[in-house]
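Chemist: curious how this folds, go ahead:
(4 chains)
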Protein chains: 4
Amino acid sequence: MKVAFIGMGTMGAAMALNLLKAGHAVTVHNRSREREEPVAAAGAKRAASPREAAQGAEVVVTCVSDTPDVEAVILGDGGVIHGAPAGAVVIDMSTVSPSATRRIGAALATKGIRMLDAPVSGGSEGAQKGTLSIMVGGEAADVEKAMPVLSAMGKNITHVGPAGAGQLTKAINQIIISGTYLSVAEGLALGIKAGLDMPKVVKAMAGGAADSWVLSYRSGNVIKNEYPLGFRVRLHRKDLGIALEAAKEMGVFLPCSALVAQIENGLVAQGYGDEDVSAMARVIRKSSGLD
Amino acid sequence: MKVAFIGMGTMGAAMALNLLKAGHAVTVHNRSREREEPVAAAGAKRAASPREAAQGAEVVVTCVSDTPDVEAVILGDGGVIHGAPAGAVVIDMSTVSPSATRRIGAALATKGIRMLDAPVSGGSEGAQKGTLSIMVGGEAADVEKAMPVLSAMGKNITHVGPAGAGQLTKAINQIIISGTYLSVAEGLALGIKAGLDMPKVVKAMAGGAADSWVLSYRSGNVIKNEYPLGFRVRLHRKDLGIALEAAKEMGVFLPCSALVAQIENGLVAQGYGDEDVSAMARVIRKSSGLD
Amino acid sequence: MKVAFIGMGTMGAAMALNLLKAGHAVTVHNRSREREEPVAAAGAKRAASPREAAQGAEVVVTCVSDTPDVEAVILGDGGVIHGAPAGAVVIDMSTVSPSATRRIGAALATKGIRMLDAPVSGGSEGAQKGTLSIMVGGEAADVEKAMPVLSAMGKNITHVGPAGAGQLTKAINQIIISGTYLSVAEGLALGIKAGLDMPKVVKAMAGGAADSWVLSYRSGNVIKNEYPLGFRVRLHRKDLGIALEAAKEMGVFLPCSALVAQIENGLVAQGYGDEDVSAMARVIRKSSGLD
Amino acid sequence: MKVAFIGMGTMGAAMALNLLKAGHAVTVHNRSREREEPVAAAGAKRAASPREAAQGAEVVVTCVSDTPDVEAVILGDGGVIHGAPAGAVVIDMSTVSPSATRRIGAALATKGIRMLDAPVSGGSEGAQKGTLSIMVGGEAADVEKAMPVLSAMGKNITHVGPAGAGQLTKAINQIIISGTYLSVAEGLALGIKAGLDMPKVVKAMAGGAADSWVLSYRSGNVIKNEYPLGFRVRLHRKDLGIALEAAKEMGVFLPCSALVAQIENGLVAQGYGDEDVSAMARVIRKSSGLD
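Modeler: Numbers count the residues shown, from 1 in each chain, chains lettered A, B, ... in the order given. Prediction:
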């Protein structure tokens, strides 16, 4: 298909390369133009603006940082809305506010342009291997049309509901990991302070009610007190901020998530914002007199 | 082996039956004597007291409710300590305080009786099927001697460290599930309030960083707002109380676990103490105006 | 002095009447024009827009709901910035974000218009009696110039620092009352559940370390489980949102305030948003099985 | 009156001296006998045991550390119960569990000895000056009989209800101060990080809804980041543990208090257990990157 791809960050560049490998005709654009080069070297065309990239595209993928960036590349001067033909499908794969997504989709609809919100999980590794989980909100017909593009980038692709449902699902994902990381940190800190053989303790819990992706893949960080990436505290904090804002609008009670948001404020304030989100354990460890 | 088994609750009776199936010679005792009957019908001898049951035993298993019960059946009048021969191994499979376990083990040691603390996870289903996870603290030689008994009752048997280490590992397990249940409840409540198709949302997160045993096996409860057992709020609250007490003695900072303990106080106060621990979601749902 | 007053809500109207009583020449404007009438009947002129009201004014007071409203009446079409003469002092008495305040002040400065941020505490009663506490941020010379206006509206007028310092002080105020209300609710709930004679309990704590304005003036609400205004949950929630956002920007760890924000989300979701902020006790009472 | 006084700690010794000044005939006992000396020098008799001290006493005051100590001096070998005459009134001024108090009172009642639970607030300064607040639980007739003794030690003496009510009131007091200290720390940390003139900020809030004993008398500690006694973290933590245990038994939801208990665990773990309870601010300050 003819695909425009806006946003050549670590995630976006890897995803665009997978689109090329799958045989799509890809035109890319990035605010810092030099970041287009590696993908152009692999066969993509370059465009001077989101608008130019979107001209003639069947599908436009956007993958940028936050709500204002999505608004700028889609609705701003030189934005996708001014270039994409009626009938094109915009897939926004950024993590942004569910209500902003609906607002942007409504604006695109006035020009006959379709929109899907399709945030991902799986990190840069998933982006490179094309194994991202993609949570898609929008109309079924649009999801079907976009499927050749989505399936080139991810494995677990789920159409979870109407416009905004993808972002809400990502918010749910970020809420759930908050408490899981925090409670894994709390439990392990008790064992570390007691001097237990922690890898054995983790093994003893494997497969039981305490088991989780976080316990399986991140308990090592907490035990070693080293937090290589992974997924940045700063980014999870941004995503969790979106989730808490949505919860505030909707009237949902999230005491554990709110506590984690404060712990992450503290991590950023202490200079740990660019460590992996498992660095939440630093606060538990320090407050317990371990470090 | 010659095994005494004290405590014919739901868990204990199922575990004793598995010992019989594995060919051990089992003598049972329970405070309410009639609860010994089903196991006796399957081939166990009955004893009038823990002391009598322990006479001549190579291994004595205790599986009762709380610290005072363990102290009573092991150290009390008519207790195991007055019947078990020197060299016997007492395996306490109750969930009790790590410091109480060490105290009891020290008392047994004065008579040459060995002790392992070996709490379990896996619930009544695991007890029946012999697939419990068993977290064992004590001396390696004693674990080896007790292994034919342990392996008749569980699958994932881990020797995690010296006396008390089994109880500490169970405490860690109960801490970790606290925050996992709470954050799953928080995330799902957001989706339920937004009207999403929740089974699809759960499917979209499968295999990713938000995935866990709790999400896999208990999200259905939260979505349906029905909390069949499973594992009682009341029992998890008791276990979490032990963990928080140990953390207090040791100086460990457990903000998420402390919040969950309060939520469980509230559940018991509102009459939900005998529901599954996933009923924690009731508090999130109600406070969010869902019920 | 020649004073323009924008915003004839419950607070603003009462404050404008006090300015008239003190002999100032007051011109008022309100978006819903009919709300200007009672103050006009007491001697104020009416203006068709903030801009018109500000023409020729020495001091312009704004007292509206939230950041976007302040931006609209000061910087929007027909805003104060287009009417006020160079050298005039704008006093914004709304509770808004400290960073928004600085932004608005900088915009006014480009026209030579001065700005003070001067949020208040003391509620509608304080507004009527002219006994508000006023927390003022800005330049000393501007505070001095505005003092005849400020002193007609409040009693405890404190110049706390440069631009934004007034709003930050108000944020601190709203943070502190959060935990005070919550802990008073928690303590009293214990006594209520125990069946104590609660007015005697409150009397026993008077003057000691547990004493506070909240205990003195709002414990009766918690005891009776009735929450007449006072200060709305909805408004405190808005103010606390501003404080948490400022804390996020600055990297400050506010676990208790974040918990209160979630409790207030729950109150709004359950239909209690227009009760007094002491209604926070509803959550503690209900979760404790009292109601 | 003839008064026995058991427990010559900092508080007890000061209180016994006030009894002497008021003209009572006082016999004292302390486990470490040398601590009786200063009070004996002021005119008290010394006794070798609580039992001996209680012989012939009309009123017996106990003022020791924790529940086991109270049980030992009243019910143990050589305890008050073996010496005090029928009709004597035991006033326990220690802070202990409400259910323990009722248990001890019931044991005394079997010998015709009356009991009041009468914990205090006001610290060592209040003990010296005789200005303690005393929260009394028990029968009205016993309170009346004990009043000459109580009024020699305190000013705000309130009979709050039946046996246990004094301890419950003290628990309420310790719950309320928890959240007040925490929220004052949170609010002030925001201002400190913003570089405000903090004494002015505190002054601006004086008399308003954020005002409290803690703000008036302890904000200086937080601002200076120095935490001289006052009231030890370690002791408040013990008292709060009693309150949380009572809440658990009764089914009361105390999320803010539970958070404070964890913060205090952390303080003790980090070596700050003997600082003033306002040292809670250390955790907020550090986590906010201030120290």
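Chemist: how about stretch A:59-73 and chain C, touching?
Modeler: No: Stretch A:59-73 is not in contact with chain C by Cβ under 8 Å from any Cβ of the partner chain; minimum separation 13.8 Å. Using the backbone N, CA and C atoms, a C-beta is placed for each residue, glycine as well.
Chemist: residues of chain A that sit close to chain D?
Modeler: Residues of chain A lying near chain D (Cβ under 8 Å from any Cβ): A:255, A:263, A:265-266, A:269-271, A:283, A:286-289.
Chemist: now list the buried members of the residues you listed.
Modeler: Buried by 16 or more other Cβ atoms under 10 Å in any protein chain shown: A:255, A:263, A:265-266, A:269-270, A:283, A:286-289, out of the residues of chain A next to chain D.
Chemist: and the two most separated of the residues you listed?
Modeler: Spanning the widest gap among these are A:255 and A:289, at 25.5 Å by Cβ to Cβ.
Chemist: buried set for the host helix or strand of residue A:201?
Modeler: Element membership of residue A:201, judged by DSSP states H and E, is helix A:198-205. For helix A:198-205, the neighbour count (16+ other Cβ under 10 Å) marks A:198, A:200-202, A:204-205 as buried.
Chemist: also stretch A:50-63?
Modeler: Here stretch A:50-63 shows A:50-55, A:57-63 as buried, counting by 16+ other Cβ under 10 Å.
Chemist: quick check: the two most widely separated of those?
Modeler: A:55 and A:63 (19.1 Å).
Chemist: the longest helix seen in chain A and chain B, any residue contact?
Modeler: What stands out as the longest helix in chain A, according to DSSP state H, is helix A:165-193. Yes: judged by Cβ under 8 Å from any Cβ, helix A:165-193 and chain B are in contact via A:165, A:168-169, A:171-180, A:182-184, A:186-191, A:193.
Chemist: from residue A:261, how far off is the closest residue in space to residue A:179 that isn't next to it in sequence?
Modeler: In space, and not counting its chain neighbours, residue A:179 is closest to residue B:183: 2.4 Å by Cβ to Cβ, 6 or more residues apart in numbering or on different chains. Applying Cβ to Cβ, to the nearest Å, the value for residue B:183 to residue A:261 is 12 Å.
Chemist: quick check: which helices or strands does the helix or strand harbouring residue A:238 pack against?
Modeler: Here residue A:238, judged by DSSP H and E, is contained in helix A:233-250. In terms of contacts (3 or more Cβ pairs under 8 Å, 6 or more residues apart in numbering or on different chains; DSSP states H and E), helix A:233-250 is packed against helix A:98-109, helix A:165-193, helix A:255-269, helix B:165-193, helix C:255-269.
Chemist: going by neighbour count, list what's buried in it.
Modeler: A:233-248, A:250.
Chemist: residue contacts, residue A:26?
Modeler: By Cβ atoms under 8 Å, 6 or more residues apart in numbering or on different chains, the contact set of residue A:26 is A:3-5, A:16, A:19-20, A:39, A:43-45.
Chemist: of all those residues, which comes closest to residue B:10?
Modeler: residue A:19 (55.8 Å).
Chemist: doesn't that closest one fall inside a helix?
Modeler: Yes: counting by DSSP: H, G, I helix; E, B strand; the rest coil, residue A:19 falls inside a helix.
Chemist: isn't it up against residue A:3?
Modeler: Yes: Residue A:19 is in contact with residue A:3 according to Cβ atoms under 8 Å; the separation is 5.7 Å.
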